[in-house]
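>>> Okay, here's the prediction I keep looking at, along with the sequence it came from:
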Amino acid sequence: MKKEYNFRNGKRGSVLDVSKGKTRITIRIDNDILDWFRFQADKAGGGNYQTLINSALKEFMLSKKEPLEETIRNIVREELAEFKRENKS
């Protein structure tokens, strides 16, 4: 290890460029979901769990025939029904 380093020509930001057609974002994913995708990547002999998540989202997106508004309404209905079941006195 050097006693001193010269960072005069250093650049801020990410080290790797993002692939064309992709956007870097921050997203919160439940731990169990992330663990599952990481496990699937490991089980397949390696690879990128992020690519698996992207593929799953793309497959879901392409399989949906109903408008987004209807999808959201269905999700809200399901979540409300679950919430009511969990919170019955």
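In hand now; what should we look at?
>>> what about residue 53, neighbour count?
Residue 53 is flanked by 19 other residues according to other CB atoms under 10 Å. Any C-beta I mention is one placed from the backbone N, CA and C, and that applies to glycine too.
>>> if I look at it, how far off is residue 77?
Distance from residue 53 to residue 77, counting by CB to CB, to the nearest Å: 25 Å.
>>> Please apply the same query to residue 61.
The value you get for residue 61 to residue 77, if CB to CB is used, is 21 Å.
>>> Helices of this protein, start to end?
31-43, 49-63, 68-86 (DSSP state H).
>>> For residue 8, which of these is the nearest?
helix 49-63 (33.9 Å; CB to CB).
>>> okay, now residue 58: neighbour count?
Neighbours of residue 58 (other CB under 10 Å): 10.
>>> Ok, residue 50 next?
Neighbour tally, residue 50, other CB under 10 Å: 13.
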